[in-house]
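# The amino acid sequence is not available; the structure is as follows:
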């Protein structure tokens, strides 16, 4: 496997201020500024800087010019490093201008980079304590733990990728097959890169936003990126039970079925706030808590909450004291008596650290949520319709959409796409230039007809892309028609996948990529490697043992599969072991996939297609595959997705390419990720 070098800067401090994604973006902008003489001057910079989203919201072009000319002349020539320093200077000015203004966004959408890339020591200490607590007995890591939070041990330890992979498995057990993690004491660069690739693809698969992080950033253990990723992983773990499926007692927070549906669509941190306000209201606390920073920094809300949840440890001193720091200390003592481990300090509460306060409240919820055990209410929650197949599809679509790095973060597909905006963002990523943003309305949208307009444009674009959308209207999306939403998203993911493969296939000469091409490529690849496995179609039941995919993975990269770990796949247990290993090996190779082991065991045809396509996509990106002959990829014409199902003799790809609206919403879905090195330097 090839290793990525990236954009290098001679000044190591300057290099450390940027991710590789940022450096590539800025390098591209710098090169675009070069005139015929090959020079870039200070006067050339303002028009480019003024187009960068993070800056144009704070400064216009003239203001940028004035800032840059404070210490130099417009005619002075600058190199790339000077260009980077100018950008950092403008970022710092923008940060200062923003000041203490508050911004609200879901925690998972929070970018893993900051303007000044500062490290908050209290957060680092909290995360280190969490890691020491949950991974202290891990067979491999226990010789390195506990980590001393006062040093940089954490950043040294993450460089081989093992700790982050293990932490992901703590957050969502079973995400990574630990047999796929390279755990030798000393790893070579390939093995280390594989671990980080596995980590990043698995982080996406549990809902982390990692578009600003590359494997090189983790190899170098850039502190702000490492802490940003760890923060997201830990929050996913702590908020995992904040849904009706895991905690049906949450139904006590609402009054009727309509409110229950609304509760199911809320982001985890919103549910946590709702839970907190529910108990505060019972305790007679008059204020409404809307955030985990300014609203809790005086400690009063915590005092009321803990007195309701654990009155046996109640102390009147907590509310009587006038000193916020003293009150915060008493609150933490109260929490410790409830067996809530101390991961934050009184100072963190008083200063309103949003991240640490959120984790603190989540811990309290885990230890004692104080909700009813009324069997009538719980049974009502359990009776809420829960289609496992639909739930699995929703999960895959949600993870795929969030992996694209769009501005909108999806917590619940069926609720969050109803205004149309999030789907327009996805369409713009998958098929750039198709969205007419002048005719789109950005949330919050108060007028219902504006939502319909957004969704009508979505359907219009879908038809232009030859999706099967017979008798489908924008209003179906607005009303939250689950079947039609899933059908549209499947076709969108499949379109994206085929377009990516078409763009990579150097010998395609503009021909459309088909499902049959993918099938033929996979069979030829395995045959060329001297293996005997073949698949007749994407629903070939023989695929359930996983052997074909392991042979395919080995064919594209021989060293990635350890055949000593592969079973014969004869029993369900053996099939699951193979399926779990396949997913982790594919992610370790570099495939961005969101399927579950059950999808391979059940031979879900759409999932099988996307897994195969993802492996093919990786293979075509690498030089070794450029020697392939055109015959490796068939060009057999197949019907379009809207073709009739009545033909008796169909191509091997008919199972997928001819799916109708009724068919495409029937199986769990995943997709190859849009290969989007979306620069955080937004314009």
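Noted; the coordinates are in hand. The model shown is predicted, which means the values in this text are computed figures rather than measured ones. Residues are numbered from 1 along each chain as shown.

# Please make it C-alpha for all contacts and neighbour counts, starting now.
Will do.

# Leaving out sequence neighbours, find the closest residue to residue 236.
Spatially, and ignoring its direct neighbours in sequence, residue 236 is nearest to residue 171 (6.3 Å; Cα to Cα, 6 or more residues apart in numbering).

# residues in contact with that neighbour?
The contact partners of residue 171, taken as Cα atoms under 8 Å, 6 or more residues apart in numbering, are 233-234, 236-238.

# same question, residue 331
Neighbours of residue 331 in contact, by Cα under 8 Å, 6+ apart: 299, 302-303, 306, 318.

# Could you rerun that using 7 Å?
The contact partners of residue 331, taken as Cα atoms under 7 Å, 6 or more residues apart in numbering, are 302-303.

# Quick check: the gap between it and residue 8.
Per Cα to Cα, to the nearest Å, residue 331 is found 48 Å from residue 8.

# burial count for residue 73?
Applying other Cα atoms under 10 Å, we find 12 residues neighbouring residue 73.

# scratch that, residue 137 is what I was asking about
13.

# how much space between it and residue 169?
Separation of residue 137 from residue 169 (Cα to Cα) stands at 14 Å.

# likewise residue 359?
Between residue 359 and residue 169 the computed distance is 18 Å (Cα to Cα).

# per-residue confidence at residue 220?
With respect to pLDDT, residue 220 scores 89.

# Which residues are in contact with it?
By Cα under 7 Å, 6+ apart, residue 220 lies in contact with residue 159.

# Now the phi/psi pair for it, please.
Here is the backbone geometry of residue 220 (degrees, to the nearest 10): phi -90, psi -10.

# how far away is it from residue 158?
Using Cα to Cα, residue 220 is found at 9 Å from residue 158.

# what does residue 144 give?
Residue 144 is 11 Å from residue 158, by Cα to Cα.

# again with residue 193
12 Å.

# the more surrounded of these two?
Higher neighbour count among residue 193 and residue 158: residue 193, with 27 against 18, using other Cα under 10 Å.

# Which secondary structure elements does the helix or strand where that one lies sit against?
For residue 193, the host element (DSSP states H and E) is helix 189-205. In terms of contacts (3 or more Cα pairs under 7 Å, 6 or more residues apart in numbering; DSSP states H and E), helix 189-205 is packed against helix 162-171, helix 215-219, helix 388-403, helix 572-589.

# again, 6 Å this time
Using 3 or more Cα pairs under 6 Å, 6 or more residues apart in numbering; DSSP states H and E as the contact criterion, the elements in contact with helix 189-205 are helix 572-589.

# who's in contact with the following helix or strand past the helix it packs on?
Downstream of helix 572-589, the next assigned helix or strand under DSSP H and E is helix 597-601. The contact list for helix 597-601 (Cα atoms under 6 Å, 6 or more residues apart in numbering) reads 544, 579-580.

# The nearest residue to residue 136 once chain neighbours are set aside: neighbour count?
Take residue 136 and drop its neighbours on the chain: the residue closest to it by Cα to Cα, 6+ apart is residue 142, 5.2 Å away. Neighbours of residue 142 under the rule other Cα under 10 Å: 13.

# Confirm that residue 142 sits in a helix.
Yes: counting by DSSP: H, G, I helix; E, B strand; the rest coil, residue 142 is part of a helix.

# what's the domain layout of this structure?
As assigned by the TED database, the chain contains the domains 12-98, 121-239, 254-383, 388-504, 515-621.

# who wins for proximity to residue 248 among those?
Among the domains of the chain, the nearest to residue 248 by Cα to Cα is domain 254-383 (5.6 Å).

# what mean pLDDT does that closest one have?
Mean predicted confidence for domain 254-383 is 86.

# Repeat that for stretch 571-585.
Averaging pLDDT along stretch 571-585 gives 96.

# Flag every buried residue along it.
Neighbour-count burial for stretch 571-585 flags 574-585 (criterion: 16 or more other Cα atoms under 10 Å).

# same question, stretch 475-482
Across stretch 475-482, burial judged by 16+ other Cα under 10 Å covers 475-478, 480, 482.

# Give me the distance between the residue nearest to residue 430 when sequence neighbours are not counted and residue 308.
Closest residue to residue 430 apart from its sequence neighbours, by Cα to Cα, 6+ apart: residue 496 at 5.7 Å. Taking Cα to Cα as the measure, residue 496 and residue 308 are separated by 51 Å.

# do residue 171 as well
When distance is defined by Cα to Cα, residue 171 is 29 Å away from residue 308.

# same check, this time on residue 581
Distance, residue 581 to residue 308, using Cα to Cα: 46 Å.

# Can you give me the neighbour number for residue 439?
As a burial measure, residue 439 scores 11 neighbours (other Cα under 10 Å).

# Just put the buried residues of stretch 475-482 in CSV and tack on pLDDT.
Listed next are these as CSV, based on pLDDT from 0 to 100:
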residue, pLDDT
475, 95
476, 95
477, 96
478, 95
480, 91
482, 92
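
# what about the residue nearest to residue 430, is that helix, strand or coil?
Under the three-state scheme (three-state DSSP), residue 496 adopts helix.

# how deep is it tucked in, by neighbour count?
Counted with other Cα under 10 Å, residue 496 comes out at 21.

# ok, the closest residue to residue 266 other than its chain neighbours to residue 274 distance?
Excluding its sequence neighbours, the residue lying closest to residue 266 (Cα to Cα, 6+ apart) is residue 411, at 7.1 Å. Residue 411 sits 16 Å away from residue 274, going by Cα to Cα.

# What segments of the stretch 451-600 of the chain are strands?
Taking DSSP state E, counting those that start in this stretch as the criterion, the stretch 451-600 of the chain contains no strands.

# where does it have low pLDDT?
505-510 (pLDDT under 70).

# Tell me which stretches of it form helices.
For the stretch 451-600 of the chain, helices defined by DSSP state H, counting those that start in this stretch occupy the ranges 474-478, 482-504, 515-528, 547-556, 572-589, 597-601.

# Quick one: distance of stretch 210-219 to the chain centre.
13 Å (Cα atoms, centre = their mean, to the nearest Å).

# gap between the two ends of it?
One end of stretch 210-219 sits 15 Å from the other (Cα to Cα).

# I would like the residues contacting it, please.
Stretch 210-219 is contacted by residues 159, 196, 405 when judged by Cα under 6 Å, 6+ apart.

# who wins for most neighbours among those residues?
Within the contacts of stretch 210-219, neighbour counts (other Cα under 10 Å) peak at residue 196, which reaches 28 neighbours.

# hang on, isn't that residue packed against residue 162?
No: counting by Cα atoms under 6 Å, residue 196 does not reach residue 162; the two are 8.2 Å apart.

# where are the low-confidence patches of the stretch 1-150 of the chain?
Applying pLDDT under 70 to the stretch 1-150 of the chain picks out residues 1-6, 11-13, 16, 35-37, 71, 95-119.

# Try it again at 80.
Within the stretch 1-150 of the chain, the stretches with pLDDT under 80 are 1-22, 34-38, 53-54, 56-58, 70-74, 91-120.

# and the gap between residue 309 and residue 246?
Residue 309 is 20 Å from residue 246, where distance means Cα to Cα.
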